[in-house]
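**Q** fold the following, please.
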Amino acid sequence: MASQLFSPMQGTVLLLDVQVGDDVAQGQRVAILESMKMEHEISTSISGTVEKLLVEVGETVLEGQELISLVPKEISQTGKEAETELDLDHIRDDLAEVKERHDIGLDDRRPDAVAKRRDRQQRTARENIADLLNMESYIEYGPLVVAPQRKRRSVEDLILNTPADGMIAGIGEVNADTFSEEKAQCVVMSYDYTVLAGTQGGQNHRKKDRLFEIAKRWKLPVIFFTEGGGGRPGDTDGMQVAGLDCLAFGLWADLSGIVPLVGINSGYCFAGNAAILGCCDVIIATENSNIGMGGPAMIEGGGLGVYQPTDIGPMDVQTENGVVDILVKDEEEAVAVAKKYLAYFQGTIADWECEDQRKLRHLVPENRVRAYEVREIIDTLFDSDSVLEIRKD
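**A** Numbers count the residues shown, from 1 in each chain. So this is what the prediction gives:
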């Protein structure tokens with residue numbers, strides 16, 4: 001006696017896998033229906049031989065409508081099982097494409113960009129992040145976005161030359177070897193100077209918006225590498241009043257006093273990038289930094305003359321006027337200082353050392369008008385190697 005296979009839903013027959021006379025095993029797919037823009041595989045609940053096809057490809061069927069008539073019969077599944085055995089190491093084409101897109105933005109796929117950083121005695125944005133974080137904990141946000149310039153550049157060009165829209169950002173753990181996962185978790189963000197000079201574009205503004213909101217909601221410290229040239233005039237996709245027509249700056253200001261904001265700069269930092277840096281609780285800058293609210297183009301456009309980037313906001317100016325809190329030699333030292341600063345907010349530690357506190361009895365002279373070295377007292381009073389002096393120069 002024949003048994004019927006019924007449609008479990010209303011839809012359109014997209015494919016019939018069998019013909020009259022074919023043997024089918026229990027659980028074998030025999031048809032595909034399209035319903036609500038999704039494809040649904042239809043499998044048999046019994047084994048048998050196809051007696052009749054009751055529908056055709058392209059036909060619309062109702063829920064419960066007969067699709068196929070089967071004559072029940074024992075069918076060996078050995079051959080089918082061999083055919084459908086999964087290769088767990090196989091990389092599908094769609095996954096391979098995703099992996100390739102991720103790889104395009106990594107340093108080892110961008111040797112020319114890395115070489116330019118080496119010429120300037122600087123590290124890449126990804127190298128700085130890798131030094132700062134426990135990379136096993138790092139979750140990057142929006143690595144596959146590109147600059148919103150499709151009206152004047154091809155998608156292929158944008159994928160190759162504007163990875164992550166010049167903003168590498170995510171969540172990871174800092175000082176994870178000392179503090180718990182909960183205490184170590186931070187938001188880290190870095191403009192990528194090798195992509196459109198680290199300028200602020202449409203997609204990297206959106207990444208900032210998202211991560212600033214997360215930092216506020218989860219009470220996460222933010223470490224921001226700010227090197228870059230400010231607002232980007234070349235974006236073409238979408239409508240906006242100006243480069244500042246975004247939420248990022250307001251959301252950034254909202255974080256003040258809620259979570260620690262740590263700014264790190266190496267190289268040029270102008271305009272919008274400098275606005276971000278200037279709002280940080282502590283500003284750490286390398287000796288090669290130049291920081292200014294107006295870059296060369298803005299200054300010249302305002303009719304104030306032609307200046308080189310190195311003429312604007314050099315460190316001998318920005319340290320003496322108090323803009324820079326901590327001046328360091330290079331990015332490696334900057335990251336080490338940032339980790340030390342963050343540790344003040346991450347909790348207590350079990351292992352610590354300090355000087356013999358009895359020394360304090362002799363560091364302050366009995367003569368009340370005698371000068372003495374305050375830093376020596378501070379270094380003795382606090383835990384060894386725990387003091388981080390602000391605006392020393």
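**Q** so what's the residue count around the residue nearest to residue 230 when sequence neighbours are not counted?
**A** Excluding the flanking residues, the one nearest residue 230 by CB to CB, 6 or more residues apart in numbering is residue 271, at 2.4 Å. Just so you know, the C-beta spots here come from the backbone N, C-alpha and C atoms, and that holds for glycine as well. Counted with other CB atoms under 10 Å, residues neighbouring residue 271 total 21.
**Q** swap in the one 4 residues further on?
**A** When neighbours are defined as other CB under 10 Å, residue 275 has 20 of them.
**Q** wait, it sits on residue 249?
**A** Yes. Contact criterion CB atoms under 8 Å: residue 275 and residue 249 qualify, at 6.4 Å.
**Q** dump the residue contacts of residue 74.
**A** By CB atoms under 8 Å, 6 or more residues apart in numbering, the residues touching residue 74 are residue 47.
**Q** backbone phi and psi for it, please?
**A** For residue 74, the backbone dihedrals are phi -70, psi 120 (criterion: degrees, to the nearest 10).
**Q** contacting residues around the residue nearest to residue 230?
**A** 229, 230, 231, 292, 293, 294, 295, 298.
**Q** try it again at 7 Å.
**A** Each residue near residue 271 by CB atoms under 7 Å, 6 or more residues apart in numbering is listed here: 229, 230, 231, 293, 294, 295, 298.
**Q** so the fifth one is in which element?
**A** Residue 294 belongs to no helix or strand when elements are defined using DSSP states H and E.
**Q** show me which of the contacts of residue 271 is closest to residue 364.
**A** residue 293 (43.5 Å; CB to CB).
**Q** for the residue nearest to residue 146 when sequence neighbours are not counted, what are its contacts?
**A** In this structure, residue 146 finds its nearest non-sequential neighbour in residue 158, 3.9 Å apart by CB to CB, 6+ apart. Applying CB under 7 Å, 6+ apart to residue 158 gives the contacts 146, 147, 149, 150.
**Q** what do you get if the cut-off is 10 Å, keeping everything else the same?
**A** Taking CB atoms under 10 Å, 6 or more residues apart in numbering as the contact definition, residue 158 lies against 145, 146, 147, 148, 149, 150, 165.
**Q** would it count as being in a helix?
**A** Yes. Residue 158 sits within a helix when classified using DSSP: H, G, I helix; E, B strand; the rest coil.
**Q** for stretch 215-222, which outside residues touch it?
**A** Residues contacting stretch 215-222 (CB under 10 Å, 6+ apart): 169, 171, 174, 182-189, 208, 211-212, 214, 251-252, 254-255, 258-263, 276, 280-281, 338, 341-342, 345-346.
**Q** all helices for the stretch 51-200 of the chain, in order.
**A** 78-84, 93-104, 111-119, 125-132, 155-161, 181-184 (DSSP state H, counting those that start in this stretch).
**Q** can I get those helices in CSV including distance to residue 304 and mean pLDDT?
**A** Listed next are these as CSV, based on distance: least, CB to CB, whole Å; pLDDT from 0 to 100:
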stretch, distance to residue 304, mean pLDDT
helix 78-84, 72, 51
helix 93-104, 40, 96
helix 111-119, 29, 97
helix 125-132, 31, 98
helix 155-161, 32, 96
helix 181-184, 45, 95
